[in-house]
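Undergrad: what would the 3D arrangement of this be:
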Amino acid sequence: MSHVLSVKAVLPGLTVSIIVGLAALFLSEHYGAPAMLFALLLGIAMSFLYEDTQCKQGVEFAANHVLRIGVALLGFRVAFGDLLTLGWKTALLLVFAILSTITIGVVLSKALGLNKRFGVLTGGAVGICGASAAMAISAILPNDKHKDRDTLLTVIGVTSLSTISMILYPVIADALGLNHTETSIFLGGTIHDVAQVVGAGYSVSEQTGDLATLTKLVRVSFLMPVVLCILLLLKLNLDKDLEAKSPKFPAFLIVFVCLMTLNSMLDIPAFVTQAATDFSRYALVISIAAIGMKSNLRQILTVGLKPIFLLLFETIWIALVILLALPYL
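TA: Residues are numbered from 1 along each chain as shown. Have a look, this model is predicted:
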């Protein structure tokens with residue numbers, strides 16, 4: 001009986017989140033802008049529903065549990081063999097780019113008077129895979145009153161910067177006279193979201209698109225190791241926040257690793273991986289719509305220019321790291 005009651009409590013808010021997510025996907029397909037950005041904007045516009053007690057539990061469910069399902073299914077997108085294809089030099093460069101971007105995020109956020117967890121969140125999002133990374137990292141950070149706002153700001157920021165990069169970076173690569181391989185590594189190693197890497201890569205050539213996408217997927221493969229390291233630091237209480245509770249080891253990380261291992265060891269049919277990837281995308285869009293509904297727009301508008309500067313600096317940093325290292329690969 002309790003299960004029936006819990007389903008009844010969750011259903012209204014979950015249904016609204018799904019509808020908003022599907023509307024975002026529809027707008028994305030017809031107007032070319034990122035679905036994540038549409039989901040956030042529509043979610044914020046529908047935030048009054050979160051105050052409705054009938055929808056609150058379902059919106060919370062979508063923002064937390066549906067999010068974890070979406071992140072876990074990202075394991076189908078990457079395989080260990082991707083690392084071998086790119087070569088050890090490129091793999092090491094990507095590791096350095098990711099770790100240095102997160103470090104810069106933490107140091108700079110502290111210097112700007114922002115919470116250093118916000119620096120971890122933005123650095124991870126810029127360094128790894130945009131909105132998906134932001135949501136995965138957010139899922140393991142301790143809860144506080146600014147967590148949803150910070151996640152929302154990060155997703156809006158990286159999605160917007162990723163779209164700008166998709167248009168601008170192919171032009172920069174051409175102006176610098178980069179060859180096919182260098183252009184591919186530059187695009188795949190710097191643009192935040194997978195969809196924008198695909199758009200930028202294939203706008204240059206099919207060959208560039210293939211290699212840029214592979215480079216990006218290798219960055220995605222570092223998502224779970226980075227999240228695990230953050231989780232370990234939190235458990236060791238290196239966060240030095242006395243009010244923060246040490247998070248439990250999340251099941252979605254185990255599922256991600258298992259799916260990635262399965263994808264590496266077995267020749268899984270393309271339609272299965274495609275279906276899982278599509279479902280993951282839908283789940284992430286639905287959950288970000290729910291996070292938008294949970295947000296307080298007035299609170300977002302009061303944060304000022306510091307978070308924007310932080311995200312912009314991290315974006316420029318990772319681009320410079322990749323560009324300066326290209327001649328040595």
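Undergrad: now do the SS call for Leu262.
TA: helix (DSSP: H, G, I helix; E, B strand; the rest coil).
Undergrad: just give the nearest non-adjacent residue to it, would you?
TA: Spatially, and ignoring its direct neighbours in sequence, Leu262 is nearest to Ile268 (7.0 Å; Cβ to Cβ, 6 or more residues apart in numbering). Just so you know, the C-beta spots here come from the backbone N, C-alpha and C atoms, and that holds for glycine as well.
Undergrad: cool, and Ser221?
TA: Val78 (4.1 Å).
Undergrad: next one: phi and psi at the one you found?
TA: phi -130, psi 160 (degrees, to the nearest 10).
Undergrad: and it, what's its pLDDT?
TA: Val78 carries a pLDDT score of 73 in this model.
Undergrad: SS state for the residue nearest to Leu262?
TA: Assigned with three-state DSSP, Ile268 falls in the coil class.
Undergrad: how far away is it from Lys147?
TA: 35 Å (Cβ to Cβ, to the nearest Å).
Undergrad: how about Phe80?
TA: Where Lys147 is concerned, Phe80 sits at a distance of 32 Å (Cβ to Cβ).
Undergrad: if you count what's nearby, which of these two comes out ahead?
TA: Ranked by neighbour count (other Cβ atoms under 10 Å), Phe80 and Lys147 place Lys147 first, with 17 against 12.
Undergrad: what helix or strand does Ala290 sit in?
TA: Secondary structure from DSSP states H and E places Ala290 in helix 270-294.
Undergrad: for that helix, name the packing helices and strands.
TA: helix 2-31, helix 35-45, helix 53-61, helix 67-72, helix 131-140, helix 147-175 (3 or more Cβ pairs under 8 Å, 6 or more residues apart in numbering; DSSP states H and E).
Undergrad: tell me what angle that helix forms with helix 147-175.
TA: 130 degrees (axes from the mean of the first three to the mean of the last three Cα atoms, to 10 degrees).
Undergrad: distance between helix 270-294 and the chain's centre?
TA: 12 Å (Cα atoms, centre = their mean, to the nearest Å).
Undergrad: quick check: next helix or strand after the lowest-mean-pLDDT helix or strand in the chain?
TA: Lowest by mean pLDDT, DSSP states H and E among the helices and strands of the chain is helix 297-301, with a mean of 62. Downstream of helix 297-301, the next assigned helix or strand under DSSP H and E is helix 306-325.
Undergrad: let me know the angle separating that next one from helix 147-175.
TA: Calculated by the same axes, to 10 degrees, helix 306-325 forms an angle of 40 degrees with helix 147-175.
Undergrad: what packs against helix 306-325?
TA: Looks like helix 306-325 contacts helix 88-111, helix 116-124, helix 147-175, helix 180-190 (3+ Cβ pairs under 8 Å, 6+ apart).
Undergrad: so for His65, which of those helices sits nearest?
TA: helix 147-175 (15.2 Å; Cβ to Cβ).
Undergrad: can you list the buried residues in the closest one?
TA: 147-163, 165-166, 169-170, 172-173 (16 or more other Cβ atoms under 10 Å).
Undergrad: now swap in stretch 137-145 and tell me
TA: By neighbour count on 16+ other Cβ under 10 Å, the buried set for stretch 137-145 is Ile137, Ser138, Ala139, Ile140, Leu141.
Undergrad: try stretch 97-112
TA: By neighbour count on 16+ other Cβ under 10 Å, the buried set for stretch 97-112 is Ala97, Ile98, Ser100, Thr101, Ile102, Ile104, Gly105, Val106, Leu108, Ser109, Leu112.
Undergrad: contacting residues around that stretch?
TA: Stretch 97-112 has contacts (Cβ atoms under 8 Å, 6 or more residues apart in numbering) with 115-116, 118-124, 126-128, 189, 219, 222, 226, 306, 309-310, 313-314, 317-318, 321-322.
Undergrad: switch the cut-off to 6 Å
TA: Applying Cβ atoms under 6 Å, 6 or more residues apart in numbering, the external contacts of stretch 97-112 come out as 116, 118-120, 122-124, 126-128, 222, 306, 310, 314, 317-318, 321-322.
Undergrad: just the buried members of the residues you listed?
TA: 116, 118-120, 122-124, 126-128, 222, 310, 314, 317-318, 321-322.
Undergrad: what is the burial count for the closest residue to Ser287 other than its chain neighbours?
TA: Nearest residue to Ser287, sequence neighbours excluded (Cβ to Cβ, 6+ apart): Leu67, at 3.7 Å. Per other Cβ under 10 Å, the neighbour tally for Leu67 reads 25.
Undergrad: kindly report the same for Val7.
TA: 11.
Undergrad: reformat the helices and strands packed on helix 306-325 as JSON lines; add mean pLDDT.
TA: Shown next, in JSON lines, are the helices and strands packed on helix 306-325 (pLDDT from 0 to 100):
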{"stretch": "helix 88-111", "mean pLDDT": "94"}
{"stretch": "helix 116-124", "mean pLDDT": "93"}
{"stretch": "helix 147-175", "mean pLDDT": "88"}
{"stretch": "helix 180-190", "mean pLDDT": "94"}
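Undergrad: how about those helices, which one is nearest Ala45?
TA: Evaluated with Cβ to Cβ, those place helix 147-175 nearest to Ala45, the distance being 13.2 Å.
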